[in-house]
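*Asks:* Have a look at this fold, sequence not included:
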Ligand code: ZN
């Protein structure tokens, strides 16, 4: 069995952002030389997500509106976590959107459904963040 590990780096311009990382994960599979196996992709921070969904701007706007209804950023004082920090909403949003995805690798490619794309979801950006890509297989 072969294994491969890489960290993808992010530093978003805004507090919240969705970034399609499917091309980067595909590149990792190429670099790994693994033809059959699994790729695990997870945010290494508790205020960011990795999730799979459609790459459609209307949907991304709907996610933003929905998440802001469930866990509004402001007022900061509504959260017990805020004090030294102001990112309680980001922790909650991350929990809803998930920590990681696992995707099958078949014939050296991501074995995704027709509209599935892998996203990095940033909820407390403007600083350095990492995503782990771990691949195992042969
Ligand atoms: Zn925090």
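*Replies:* It's in. In this text the structure is predicted, and so the values were computed from the model without any measurement.

*Asks:* helices or strands up against whichever strand or helix holds residue 24?
*Replies:* Secondary structure from DSSP states H and E places residue 24 in helix 22-32. Other elements packing on helix 22-32 under the criterion 3 or more C-beta pairs under 8 Å, 6 or more residues apart in numbering; DSSP states H and E are strand 2-10, strand 37-43, strand 109-110, strand 117-122, strand 129-137. All C-beta spots, glycine's among them, are computed from the backbone N, C-alpha and C.

*Asks:* Give me the contact list for the second one.
*Replies:* Applying C-beta atoms under 8 Å, 6 or more residues apart in numbering, the external contacts of strand 37-43 come out as 2, 21, 25, 28-29, 49-50, 94, 99-105, 110, 118, 120-121, 129-138.

*Asks:* Residues of the protein that sit close to the ion?
*Replies:* Within the chain, the positions near the ion by C-beta under 5 Å from the ion are 85, 87.

*Asks:* What is the neighbour count of residue 106?
*Replies:* Other residues within reach of residue 106, judged by other C-beta atoms under 10 Å, total 11.

*Asks:* Please name the nearest non-neighbouring residue to it.
*Replies:* Excluding the flanking residues, the one nearest residue 106 by C-beta to C-beta, 6 or more residues apart in numbering is residue 36, at 6.6 Å.

*Asks:* tell me the contacts of that neighbour?
*Replies:* Counted by C-beta under 8 Å, 6+ apart, residue 36 has contacts 105, 106, 107, 137, 138.
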